[in-house]
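[1] Can you look at this prediction? I've put the sequence above it.
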Amino acid sequence: MALRTSDHNNYLPIIKYRILKRAWKLTLGSALVLALIITGFWAFRVEIAKVTYQFALSQIDTNLTEKLADGIHVYVCGAGSPLPDPKRGGSCLGILAGADAFIFDAGSGGSRTLTTMGFPFDKLRRIFITHYHSDHIDGLGELLMQAWISGHRTKPITVVGPVGVETVLNGFLQAYSLDRDYRIKHHKSEIVNEGGFGGVASTFDLTDDYDRVYEVNGVLITAFRVDHRPVIPAVGYRVDYGSRSVVISGDTAYDERVITVARETDLLIHEALNRDMVKQLEELFIDRGLANNAALMHDTLDYHTSPTEAAQIAARADARELLLYHIAPPLPINLLNPMFLDGVDEYFDGKVTIAEDGILISMPSSSKAINHTYLGP
Ligand SMILES: [Zn+2]
Ligand SMILES: [Zn+2]
C-alpha cells in the first residue's frame, strides 16, 4: 500500500534522531581518541624528545665539505642589512676556493650560520673586511673564537682590510682577552692552542682603483674601491679560482668600477636596497612621530644600490648570475620578494636570487654549472 504524504512526515523525526545520535557518538569517539593521543604525548614527552634528539644527531653531516667538488663554493652566512630580518644576519660570505677557505665581512650571526652550514674553519686562510660599518664587523669576535677553536689554529688568523683594520681588530682582541685566558685554562693545549688565538691585521692601501691582495694556491683575490661615501675607504672583492669567479660588491652606491671588475663573472653578489620600500618605512616612522628613525631611513637612500641598478650592473658586466644581498628593507616572508624585485627582469635576463642565510652556491671547476643548495637551520 502506498504511503500518504502524512505517513512520510511521521518518519522524519526518527531519521533525524538517528543521524544526530550517530554524529554525537562519532564526535565523542573522536574526542576520546584525541584526548588519548594528547595524554600519550604528554606522558611520553621526554622519551619522544630523546628519540627526536637522537634522530637529529644522526642527521648532522660532519663531512660536508669533503663531498664538495673542486671549484668555488659560496656560503651565505649573512645576507642582511643593519635592520633586523629573521632570514638574514649581518653581512657575511664564506668562500671555499679549491683547498682554501675565506670569509668576507664579519656581521653578527655569521659565525653561527657558517657552523650550521658545515663551513671548513680548518681551511680558513684569511678574513677580508670591506669597510668598518658595524654591521660588517660586529661578529668579528665570535668569528675569531670559532676560527681559533674549530679551526684548531696554532697561529692567529690574518684579518685583511683597507686602512683601519688594525684599530678594529685591536679592539676585539682586547675585549676577548679574558675569555682567551679562560679557554686556555679550561681545555688541554692540544685542543686549544695558545698561539692560535686572535688575529693579525694586514692593511692594504689601494694606490689604484683595483689591486691584487692575495695570490696563493691558484686563488686570486682582487680588492677594488667602491663608492660608499662618506665611508672611506670602502672596497669590494673579486675571487678567481681556475675558470670560476665571484665578485662581492660590499656596500656601495651604483659604481661603474663594479662593472669593470665583474666582467663576465659567474656570480655577481651585489648589495640591494629597495628605495620605494624604505621610503614607505620612513613615512611610517614620520606618521608615528619617530623623527630620528625616519631620518636614519632617509640617510641610507643615497649610498646603496637599488635592485634594478644592481641588475643593470650585472647586465653591463655580462655576469652570468646575480645574487642580491645586504637586503634592505627586511623581507621576512617570500610574499614580499616580487615587490623588492619589481623591474629587475627588464634589465638582466640571467638568474636573480635574493640571498638568504644558509644558501650554498657551488661552481665546480669541471663545468659551467652554478648550483644552489639550502644548508640553513
Ligand atoms: Zn652595511
Ligand atoms: Zn656600509
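    Yep, that arrived. Ligands and ions are numbered 1, 2, ... in the order given.

[2] wait, residue 221 sits on residue 100?
    No. The pair residue 221 / residue 100 is not scored as a contact, 10.3 Å apart, by C-beta atoms under 8 Å. C-beta coordinates here come from the backbone N, C-alpha and C atoms, glycine included.

[3] List the buried residues of the top helix by length along the chain.
    Criterion DSSP state H: the longest helix present in the chain is helix 5-43. Within helix 5-43, not a single residue qualifies as buried, counting by 16 or more other C-beta atoms under 10 Å.

[4] same check, this time on stretch 68-84
    68, 70-83.

[5] farthest-separated two in these?
    Greatest spatial distance among the buried residues of stretch 68-84 (C-beta to C-beta): 70 and 83, at 37.5 Å.

[6] who in the protein is up against ligand 1?
    Taking C-beta under 5 Å from the ion as the contact definition, the chain meets ligand 1 at 133, 135, 251.

[7] Does the first one touch residue 252 like I think?
    Which is residue 133. No. Look at residue 133 against residue 252 with C-beta under 8 Å: they stay out of range, at 11.8 Å.

[8] Between these two, point out the one with more neighbours.
    residue 252 (28 against 20; other C-beta atoms under 10 Å).

[9] and the more buried one, what does it touch?
    226, 227, 228, 234, 236, 258, 271, 303, 304, 305 (C-beta atoms under 8 Å, 6 or more residues apart in numbering).

[10] ok, now residue 239?
    Per C-beta under 8 Å, 6+ apart, neighbours of residue 239: 72, 95, 97, 102, 219, 220, 221, 245, 246, 247, 248.

[11] What values do phi and psi take at it?
    The phi/psi pair for residue 239 (degrees, to the nearest 10) reads phi -110, psi 120.

[12] For it, name its beta-bridge partners.
    residue 221, residue 246 (DSSP bridges).

[13] And the pLDDT for it?
    On the pLDDT scale, residue 239 is placed at 98.

[14] so which helix or strand takes in the closest residue to residue 294 other than its chain neighbours?
    Among residues not flanking residue 294 along the chain, residue 285 sits closest, at 3.8 Å (C-beta to C-beta, 6 or more residues apart in numbering). Following DSSP states H and E, one finds residue 285 within helix 275-287.

[15] Is ligand 2 within reach of the next helix or strand after that helix?
    Using DSSP H and E, the helix or strand that directly follows helix 275-287 along the chain is helix 291-300. No. Applying C-beta under 5 Å from the ion, one finds helix 291-300 separated from ligand 2 by no less than 9.0 Å.

[16] what number of residues lie near the residue lying closest to residue 118 once chain neighbours are set aside?
    Of all residues beyond its chain neighbours, the one nearest residue 118 is residue 64 (3.6 Å), with distances taken as C-beta to C-beta, 6+ apart. Using other C-beta under 10 Å, residue 64 has 14 neighbouring residues.

[17] what does residue 150 give?
    16.

[18] How about residue 371?
    13.

[19] And for residue 301?
    15.

[20] Contacts only, for it.
    If you count contacts by C-beta under 8 Å, 6+ apart, then residue 301 has 273, 275, 278, 279 around it.

[21] coming back round to it: off-centre distance for the longest helix of the chain?
    In terms of C-alpha atoms, centre = their mean, to the nearest Å, the centre of helix 5-43 is found 52 Å from the chain centre.

[22] got it, and stretch 118-133?
    Centre to centre, stretch against its chain (C-alpha atoms, centre = their mean), the figure for stretch 118-133 is 14 Å.

[23] Now do the contacts for the closest residue to ligand 1 within the stretch 251-377 of the chain.
    Closest approach between the stretch 251-377 of the chain and ligand 1, counting by C-beta to the ion: residue 251, at 4.4 Å. By C-beta under 8 Å, 6+ apart, the contact set of residue 251 is 91, 130-131, 133, 136, 226, 228, 231, 234, 271, 303-304, 326.

[24] one more time with 6 Å
    Contacts for residue 251 (C-beta atoms under 6 Å, 6 or more residues apart in numbering) come out as 228, 271.

[25] a helix runs through it, doesn't it?
    No. Residue 251: not assigned to a helix; according to DSSP: H, G, I helix; E, B strand; the rest coil it is coil.

[26] Can you list phi and psi of it for me?
    Taking degrees, to the nearest 10 as the convention, residue 251 sits at phi -90, psi 130.

[27] which one is residue 81 nearest to, not counting chain neighbours?
    Nearest to residue 81 is residue 328, by C-beta to C-beta, 6+ apart, at 3.9 Å.

[28] tell me the phi and psi of the one you found?
    Torsion angles, degrees, to the nearest 10, at residue 328: phi -140, psi 130.

[29] can you list the residues of the protein near ligand 2?
    Counting by C-beta under 5 Å from the ion, the chain sits next to ligand 2 at 133, 251.

[30] ranges for the helices of the chain?
    5-43, 45-58, 110-116, 140-149, 165-175, 177-186, 256-261, 275-287, 291-300, 307-317, 337-340.

[31] Which of residue 221 and residue 100 has more residues huddled nearby?
    More neighbours surround residue 221 than the other of residue 221 and residue 100, with 23 against 18 (other C-beta under 10 Å).

[32] Quick check: the gap between residue 61 and ligand 2.
    Distance, residue 61 to ligand 2, by C-beta to the ion, to the nearest Å: 34 Å.

[33] Which pLDDT value goes with that residue?
    pLDDT at residue 61 comes out at 77.
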